[in-house]
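Chemist: Next come a sequence and a model predicted from it.
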Amino acid sequence: MIPPDHTDDGAPNSTVALGRAEAMRLLAGIAYGRVVFTRDALPAIRPVNHVVEADGRVVVRTRLTSRLTSAIRADSGVVVAYEADDIDPGTHTGWSVVVTGLARPVADPHRVARYERLLRPWTAAAMDTVVEIEPTIVTGIRLVGAPESPGPPAPPIPSPKVEKNDLSR
């Protein structure tokens, strides 16, 4: 088994915590992620595309009949998490961001129309509900590969040969 802090080739990995601004910048630069919500008292996860607003709200579209929408409509203050990442499986580098906060349906018709233009559905199902997540907790990490090694160690430099007779002088 490979230790959790090493890559497949044995090189050490490390993580660097991201600040809130950097985490939100990275999240805004990617088109999709996963929303995590509670379904029947258990965690459920759905992939969705999103928009990050200037104030940090993460906005997604969903179906009125979806489990996510049902959970949000049942409790207007439901807490969800939204996770997105960009990780290179070959180099084991990249980043991951998680936004946790209250999810609410967007009701304003002008805002809904804007998000309908910005967020195109991935499936043929009607995406008739817009949900915004107000970020309360934003965490992120950058996965950093092993530092560049300078190459193989240099061969030892042979010391001058010492004759037994030279030691006594």
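Modeler: Yep, that arrived.

Chemist: Show me which strand runs longest in this protein.
Modeler: Across the chain, the longest stretch assigned as strand under DSSP state E is strand 129-144.

Chemist: Packing partners of it?
Modeler: Judged by 3 or more CB pairs under 8 Å, 6 or more residues apart in numbering; DSSP states H and E, the packing partners of strand 129-144 are strand 14-17, helix 20-28, strand 58-62, helix 67-74, strand 78-88, strand 93-105, helix 109-118. All C-beta atoms are positioned from the backbone trio N, CA, C, and that covers glycine.

Chemist: Tell me the strands beside the fifth one, with direction?
Modeler: Counting by DSSP bridges, the strands paired with strand 78-88 are strand 32-39 (antiparallel), strand 93-105 (antiparallel).

Chemist: now do the first one
Modeler: Each strand pairing with strand 14-17, determined using DSSP bridges, is listed with its direction: strand 129-144 (antiparallel).

Chemist: quick check: angle from the strand it pairs with to helix 109-118?
Modeler: Angle, strand 129-144 to helix 109-118, by axes from the mean of the first three to the mean of the last three CA atoms, to 10 degrees: 50 degrees.

Chemist: Give me the buried stretch members for strand 129-144, please.
Modeler: Going by neighbour count (16 or more other CB atoms under 10 Å), the buried part of strand 129-144 is 129-133, 135, 138, 140-144.

Chemist: and the closest residue to residue 139 other than its chain neighbours, how many residues sit next to it?
Modeler: Leaving out its chain neighbours, the residue that sits closest to residue 139 by CB to CB, 6 or more residues apart in numbering is residue 98, at 5.2 Å. Neighbours of residue 98 under the rule other CB atoms under 10 Å: 20.

Chemist: which residues touch residue 98?
Modeler: By CB atoms under 8 Å, 6 or more residues apart in numbering, the residues touching residue 98 are 81-83, 137-140.
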